[in-house]
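Student: From the sequence below, what's the structure:
(chains A, B, C and D)
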2 protein chains.
Amino acid sequence: MNTRPSTTQQRIDQMVAKLKAHDCRITPQRLAILRILAAGEDHPSVEMVHERVKHEFPTTSIATVYKTVHLLKQINEVVEIAFPDWSNRYDGGKPFPHPHVICIRCRKITDPKLGFLKNMTAQVAAETGFDIVEYRLDFFGICADCKEKEGPTKEELT
Amino acid sequence: MNTRPSTTQQRIDQMVAKLKAHDCRITPQRLAILRILAAGEDHPSVEMVHERVKHEFPTTSIATVYKTVHLLKQINEVVEIAFPDWSNRYDGGKPFPHPHVICIRCRKITDPKLGFLKNMTAQVAAETGFDIVEYRLDFFGICADCKEKEGPTKEELT
DNA sequence: TTGTTATTGATAATGATTCTCTTTTAATAG
DNA sequence: CTATTAAAAGAGAATCATTATCAATAACAA
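Tutor: Numbers count the residues shown, from 1 in each chain, chains lettered A, B, ... in the order given. Got it, this is the predicted structure:
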């Protein structure tokens, strides 16, 4: 839906540029939050981001993290992975829709490479008459690590 | 992931049978809720279900609807379509994972037929090492009706 | 019909997120 | 470098969908 993968530093620079383009200020707290989200690998929750930011800036309020994440979501610089039961998780590494694979035991979230989904949205648009602006594709299951730890399990949700 | 589409009455019967198999009682309120969910077409929220049930049983508490929906979710007889901003929506017509197309203007939810997604989960399992138990695929956009009403719109989320 | 126990209904509690408001500070111009 | 000013931070209250609690009721098996 737009840019290619890039280094964390490039992503930080992109986010900063986008924020400046929207007349937003770059505060130290905000930059710390950007750095954590730009890494992208672990898809943290707001609370997880807050914990890490506090190492650098111990007085940071969780409201500040919420506000920054919300702002980044508005300007399409972070992808929100929302859940009904758990806290939402955020991906600042790839700020465009992409699939996720989510372990329902340890809640690890990873980005699979799924070539067969090319022009999925175009096909859906053609079949439904919708203008598709976004999609969400999440697979839920048990990751290899958790399978190993606890033995065989199907029907986790039964 | 299991059964084929069926009539509303068949779906109601399936749900009742599943509930009985789990030693759950079939109360009149519950049956009314089942009937609404089994129709499936409009993917209602709990509040919408509650409104309709009250026509038949005016004293029905919304807690009862929440409890019944939660129960049906547990036994895999209803699919939950959860949103961070809106109320969750429910599909009792096809109680197995399937894609949805969601209008971000009028919030209409429909079930597209997308043949190209066959063995999607098998491919993801092969590529990630996960045991996939479930998936969620939602497309967000502007439906044909809303496009017509309000003229051209891309970048709805920008 | 009766007894057991799940369910109902009303309301309180929860928990993630957002809002409010005062204080602080980033960004800019002089 | 300093002053200006509007945005952002921080703390806590408010919100809202959903869940939990619990006494009263009713399904259903015997």
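
Student: quick one: the most centrally placed residue in chain A and residue B:65, what's the gap?
Tutor: Closest residue to the average C-alpha location of chain A: residue A:91 at 1.9 Å, with Cα atoms, centre = their mean. With distances taken as Cβ to Cβ, to the nearest Å, residue A:91 is found 34 Å from residue B:65. (Glycine included, C-beta is placed from N, CA and C.)

Student: before we move on, the earlier item: kindly state the beta-bridge partners for the residue nearest to the centre of chain A.
Tutor: Residues in a beta bridge with residue A:91, per DSSP bridges, are residue A:79.

Student: For it, list the residues it contacts.
Tutor: Residues in contact with residue A:91 (Cβ atoms under 8 Å, 6 or more residues apart in numbering or on different chains) are A:37, A:40, A:43, A:78-79, A:81, A:100, A:109, A:111.

Student: May I ask which of these has the most neighbours?
Tutor: residue A:37 (27 neighbours; other Cβ atoms under 10 Å in any protein chain shown).

Student: Look up phi and psi at the nearest residue to residue A:90 once chain neighbours are set aside.
Tutor: The shortest distance from residue A:90 to any non-neighbouring residue, by Cβ to Cβ, 6 or more residues apart in numbering or on different chains, is to residue A:78 (5.2 Å). Backbone dihedrals for residue A:78, given as degrees, to the nearest 10, come out at phi -150, psi 140.

Student: Kindly report the same for residue A:92.
Tutor: Per degrees, to the nearest 10, the backbone of residue A:92 is at phi -100, psi 0.

Student: picking up where we left off before, now the contacts of residue A:91 as CSV including pLDDT and secondary structure?
Tutor: Rendered in CSV, the data for the contacts of residue A:91 read as follows (pLDDT from 0 to 100; DSSP: H, G, I helix; E, B strand; the rest coil):
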residue, pLDDT, secondary structure
A:37, 97, helix
A:40, 78, coil
A:43, 95, coil
A:78, 96, coil
A:79, 95, strand
A:81, 94, strand
A:100, 95, strand
A:109, 93, strand
A:111, 93, coil
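
Student: now for those, which pair is the farthest apart?
Tutor: Across those, no pair lies farther apart than A:37 and A:100, at 15.2 Å, counting by Cβ to Cβ.

Student: just to revisit the earlier point, which residues touch the residue nearest to residue A:90?
Tutor: Counting by Cβ under 8 Å, 6+ apart, residue A:78 makes contact with A:37, A:69, A:72, A:90-92, A:95.

Student: Residue A:72 too?
Tutor: Under the criterion of Cβ under 8 Å, 6+ apart, the neighbours of residue A:72 are A:15, A:34, A:37, A:78, A:92.

Student: tell me the pLDDT at it?
Tutor: Predicted confidence (pLDDT) at residue A:72: the value is 97.

Student: for it, phi and psi?
Tutor: The phi and psi torsions at residue A:72 (degrees, to the nearest 10) take the values phi -60, psi -30.
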